[in-house]
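Chemist: whatever this is, show me its structure:
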Amino acid sequence: MSNYSYIARDRAGRIARGELFADTAEGLKTLLHAQGMRLVSLEALPEPSSSLLGNLSPRRWMPARSRDVEFALRQLAIMLRSGLNLLGAIRSLQSQTDSVAFAAILETLHGRLARGDSLANSLAEHPVFPQVVVQLVSVGEKTGNLEQVLEQSAQYMTQRRTAITEVRVALTYPAIVATAAIVIAGYLTFAVIPELQKFLGAMGRKLPRMTQSLVDFAQWFQINGGTFCVVFVSLIVGLVFVTRWPPGRLWIDRWLLRIPVIGNVLRLSGTATLASSLSVMVNSGIKLVEAIDIARQLQNNRFLAGLLTNASESIIRGKALAPTLAAREGFSPVLSSMVAIAEQTGHLDSTLDEVAKFCETELKSKIKRMSQLVEPAVIVVAGGIVGYVYIAFFMALMSAGGNFK
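Modeler: As a prediction, this is how the structure comes out:
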């Protein structure tokens, strides 16, 4: 099967360009004719080279990423807007991506679309496409605004990925510093200082008290380390089981929202996710109850997800949305107050978009402030640990020279 670049005209006489895989040129012509298109020109594309470096590229075995989906959605919108049919656009995306996993997903999408299935149903089969994107595409296919919906979906995924990346970046540096401090202190405590103890013992001298405390700790850990590790692993396993137990996960998520700094960040993140997803879905024509149910699935915090369940039930009973969102320790207060105004004015989608922008700005500020607080704290603690071990180490060296007894 070869890849062909073609130019064709549809029934209305419009030019369509794209790339398709076919066994022969005649087979491609037959396929286009079945789609109601008349072939104008055809060119066989060269096969991609399979060099050793290309085969060793991580993109050949890594799973599909959010960036792949975002790029595909934007490119798909552009190609559809330029007149290319959906099947041709999918084939073109398949030839552009360097991810083997995502190319396989696009191949499956093309096969389902060729059999007459909808794009939304095809996307729903792959977890890499969020549920909100599937619902938006379904509405876009029904209303004829597929290109606009694809752009909105890509923008939503980009905003969500950016927020998650900022949190990870803020915590990466403190984690690296803490890990390096623990490794250095552990090496000196368990490997270097015991050798110094043997050396001083052969000379008939004792370690300084500060150094001896580290030796005592190392000996204690060698005796009780196995028990300590078993208890630690048991606590981790127990925590995992508690988080998988719905009441336990609900209690943990609600408790996390009460932590002064972390809770505020989680609350802003949940509010921004809710406001942005609801804004996109309501603007695309999805009913509010259905949009809230979809937004509930996007919430990682079970307590916030439970508030959305109550909100959906409240709307079904004919009540307003704002009072349910104003629950204590739930979403940011700005959400309920702005939604209350939007329910009176009838501009819910634009109001939610403003709330999402406000919360995202505040979230970036909180994350930056949190990183500014966490980094010095980690450096002070890690520096204290390493400093204590280094001082104890050099005191032992000086004791070997007779300066300390």
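Chemist: alpha carbons only for contacts and neighbour counts from here, please
Modeler: Noted.
Chemist: so what does the host helix or strand of residue 341 touch, helix or strand wise?
Modeler: Using DSSP states H and E, residue 341 sits within helix 333-345. With contacts taken as 3 or more C-alpha pairs under 8 Å, 6 or more residues apart in numbering; DSSP states H and E, helix 333-345 sits against helix 322-325, helix 348-400.
Chemist: hmm, 6 Å instead?
Modeler: Contacting helix 333-345 under the criterion 3 or more C-alpha pairs under 6 Å, 6 or more residues apart in numbering; DSSP states H and E are the following elements: helix 322-325.
Chemist: show me which residues of the helix it packs on are buried.
Modeler: Buried positions in helix 322-325, judged by neighbour count with 16 or more other C-alpha atoms under 10 Å: 322, 324-325.
Chemist: cool, and stretch 81-94?
Modeler: Neighbour-count burial for stretch 81-94 flags 83-94 (criterion: 16+ other C-alpha under 10 Å).
Chemist: can I get the residues you listed in TSV including pLDDT, secondary structure and distance to residue 194?
Modeler: Output for the buried residues of stretch 81-94, formatted as TSV (pLDDT from 0 to 100; DSSP: H, G, I helix; E, B strand; the rest coil; distance: C-alpha to C-alpha, whole Å):
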residue	pLDDT	secondary structure	distance to residue 194
83	75	coil	75
84	75	coil	73
85	81	coil	73
86	83	helix	70
87	82	helix	69
88	81	helix	70
89	82	helix	67
90	85	helix	65
91	81	helix	65
92	80	helix	65
93	82	helix	61
94	80	helix	60
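Chemist: quick one: residue 8 and residue 39 touch, right?
Modeler: Yes: the criterion here is C-alpha atoms under 6 Å, and residue 8 meets it with residue 39 at 4.3 Å.
Chemist: where in the protein is pLDDT low?
Modeler: 1-3, 18-23, 28, 34-35, 45-61, 204, 400-405 (pLDDT under 70).
Chemist: mind listing the helices for the stretch 1-150 of the chain?
Modeler: Under the criterion DSSP state H, counting those that start in this stretch, the stretch 1-150 of the chain contains helices at 25-34, 52-56, 66-81, 86-96, 100-114, 119-124, 131-143, 146-187.
Chemist: columns distance to residue 367 on top of those helices, output as a markdown table?
Modeler: Listed next are the helices of the stretch 1-150 of the chain as a markdown table, based on distance: least, C-alpha to C-alpha, whole Å:
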| stretch | distance to residue 367 |
| --- | --- |
| helix 25-34 | 52 |
| helix 52-56 | 37 |
| helix 66-81 | 22 |
| helix 86-96 | 35 |
| helix 100-114 | 32 |
| helix 119-124 | 33 |
| helix 131-143 | 25 |
| helix 146-187 | 7 |
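Chemist: closest to residue 278 out of the ones you listed?
Modeler: Smallest distance to residue 278 across the helices of the stretch 1-150 of the chain (C-alpha to C-alpha): 9.3 Å, for helix 131-143.
Chemist: got the buried residues for the closest one?
Modeler: Neighbour counts over helix 131-143 (16+ other C-alpha under 10 Å) mark 131-141 as buried.
Chemist: tell me what it is packed against?
Modeler: On a contact count with 3+ C-alpha pairs under 6 Å, 6+ apart, helix 131-143 meets helix 119-124, helix 146-187.
Chemist: so that helix versus helix 66-81, what angle?
Modeler: When axes from the mean of the first three to the mean of the last three C-alpha atoms, to 10 degrees is applied, the directions of helix 131-143 and helix 66-81 differ by 10 degrees.
Chemist: for helix 131-143, give me every contacting residue.
Modeler: 120, 146, 149, 153 (C-alpha atoms under 6 Å, 6 or more residues apart in numbering).
Chemist: who's in contact with the first one?
Modeler: Residues counted as contacts of residue 120 (C-alpha under 6 Å, 6+ apart) are 134, 137-138.
Chemist: and the closest residue to residue 274 other than its chain neighbours, which helix or strand is it part of?
Modeler: Among residues not flanking residue 274 along the chain, residue 295 sits closest, at 6.0 Å (C-alpha to C-alpha, 6 or more residues apart in numbering). Residue 295 belongs to helix 288-297 when elements are defined using DSSP H and E.
Chemist: could you export the buried residues of helix 131-143 as a markdown table, including distance to residue 201?
Modeler: A markdown table is the format used below for those (distance: C-alpha to C-alpha, whole Å):
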| residue | distance to residue 201 |
| --- | --- |
| 131 | 68 |
| 132 | 69 |
| 133 | 70 |
| 134 | 72 |
| 135 | 74 |
| 136 | 75 |
| 137 | 76 |
| 138 | 78 |
| 139 | 80 |
| 140 | 80 |
| 141 | 82 |
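Chemist: and the two most separated of the residues you listed?
Modeler: Most distant of those, by C-alpha to C-alpha, are 131 and 141, 15.5 Å apart.
Chemist: count of residues packed around the residue nearest to residue 274?
Modeler: Neighbourhood size, residue 295 [other C-alpha atoms under 10 Å]: 22.
Chemist: just the one 5 residues further on next, same as before
Modeler: Each residue near residue 300 was counted by other C-alpha under 10 Å, and the total is 13.
Chemist: going forward, begin numbering at 47 instead of 1
Modeler: Yes, from this point I'll number from 47; that puts the last item at residue 346.
Chemist: what values do phi and psi take at it?
Modeler: phi -80, psi -30 (degrees, to the nearest 10).
Chemist: just give me the neighbour total for residue 360.
Modeler: When neighbours are counted by other C-alpha under 10 Å, residue 360 registers 16.
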